[in-house]
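K.L.:
Everything below, folded, please.
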Amino acid sequence: MSSLPPTPTDSARVLYHVLHETHHGYQRSVTLSQQMLHLTPRVFAHQEVISHQVQVTPAPQEWTEHLDYFGNVCRAFTLGTPHRALVVRGSATVALLRRPEVATLAASPAWEDTRAMMRNVLLAREPLKFMYESPHVKCSAELAQYAMPSFARGRPLLDAAYDLTQRIHHDFEFDDEATTISTPLHEVLTGRRGVCQDFAHLMIGCLRSIGLAARYVSGYILTMPPPGKPRMVGADASHAWVSVYCSKAGWVDFDPTNRRLVQDEHITLGWGRDFSDVTPMRGTVLGGGEQSLDVSVTVTPLAEHNASL
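P.N.:
Numbering: from 1, shown residues only. Got it, this is the predicted structure:
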């Protein structure tokens, strides 16, 4: 059986600029803020980071940077200046390489072959960390039962994963008021409503529940304005999707919220077991009282540069 096609050449690169702004407002002064950021886009085979910077207002007294357990860039800062507002602005220019087309998915090996490979610890060292339960993804017989209509005996793994992607999109309704990040998967499965985080966790839970490896991917997706309308600043948003491990093709990404195979409209910040591993910004503050939060993301295609890349 043939393997998936090789990585596209540089001629297939597409350039984007991303601006991610987070505004915290506080009822009273905050005397100490310590925050951890996953706002640096990831460098890997399908994505190149051309430039990136993070600006914080007021300016922190201390910055640190390291790679976390999953290889994502993690930046942290400490701010000891009393403040009533905190603004974190991440900006980046990235180049994306187009990934395999939908028609190539049937070239992947049978899903049972990849599952069997997972039993060899040496061969499956990397995917093993994404096979088991995590804080927001609990495996269950119900999730396995939902997954199995897509995973007929001998069906190519990536073709089956794409079918599961389409079924989740068909069976579940996007509703940004139906869930919170703490809503358990069994409630999402029962209620059939949620947001991109829920659908990513759901698909990951289905795959892990039948013995496959899947990881949570955090990032952004380019959204298209209505015909004839300009792209609005802040109209895009943070996004989440799923990466499935295939024994022949490696990691292949699917977006159940949008019923598609990820190609060149998804910008990757990082990946982990679930949302808790790659939260864009999390931390603690001393003081402040009631808080307000406003997050905006703008993804801008830089089409005028594509031809020269």
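
K.L.:
Let's see stretch 203-214 as CSV, backbone CA atoms only.
P.N.:
In CSV, the C-alpha atoms belonging to stretch 203-214 read as follows (Å, rounded to 0.1, in the frame of the first residue of the first chain):
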residue,chain,number,x,y,z
MET,A,203,-13.1,13.6,18.7
ILE,A,204,-10.0,13.0,20.8
GLY,A,205,-12.0,11.1,23.3
CYS,A,206,-13.5,9.0,20.6
LEU,A,207,-10.2,8.1,19.1
ARG,A,208,-8.5,7.4,22.4
SER,A,209,-11.4,5.2,23.5
ILE,A,210,-10.8,2.9,20.5
GLY,A,211,-7.0,2.7,21.1
LEU,A,212,-5.7,5.4,18.8
ALA,A,213,-3.5,8.4,19.6
ALA,A,214,-4.9,11.9,19.2
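
K.L.:
Contacts for that stretch, please.
P.N.:
By CB atoms under 8 Å, 6 or more residues apart in numbering, the surrounding residues in contact with stretch 203-214 are 111, 114-115, 118, 124, 127-128, 130-133, 137-141, 143-144, 146-148, 151, 157, 161, 164-165, 168, 185, 215-216, 242-245, 254, 256, 274. The C-beta positions use only the backbone N, C-alpha and C, and glycine is treated the same way.

K.L.:
and if we set it to 6 Å?
P.N.:
115, 127, 130-131, 137, 139, 143-144, 146-147, 168, 185, 242, 244-245, 256 (CB atoms under 6 Å, 6 or more residues apart in numbering).

K.L.:
next one: it to chain centre, how far?
P.N.:
Its chain's average C-alpha position is 16 Å from that of stretch 203-214, according to CA atoms, centre = their mean, to the nearest Å.

K.L.:
I'd like the average pLDDT over that stretch.
P.N.:
Averaging pLDDT along stretch 203-214 gives 97.

K.L.:
What of stretch 158-178?
P.N.:
Mean per-residue pLDDT for stretch 158-178: 96.

K.L.:
what lines up beside the biggest strand by length in the chain in the sheet?
P.N.:
Longest strand in the chain, counting residues (DSSP state E): strand 13-37. Paired strands of strand 13-37, with direction, are strand 73-79 (antiparallel), strand 83-97 (antiparallel), strand 281-287 (antiparallel), strand 291-301 (antiparallel) (DSSP bridges).

K.L.:
one step back: can you tell me which of the contacts of stretch 203-214 lies nearest to Gln53?
P.N.:
Nearest to Gln53, judged by CB to CB, of the contacts of stretch 203-214 is Val242 at 29.0 Å.

K.L.:
Once you drop chain neighbours, what's closest to the closest one?
P.N.:
Met203 (4.7 Å; CB to CB, 6 or more residues apart in numbering).

K.L.:
And for Leu302?
P.N.:
Counting by CB to CB, 6+ apart, the residue nearest Leu302 is Leu15, at 4.1 Å.
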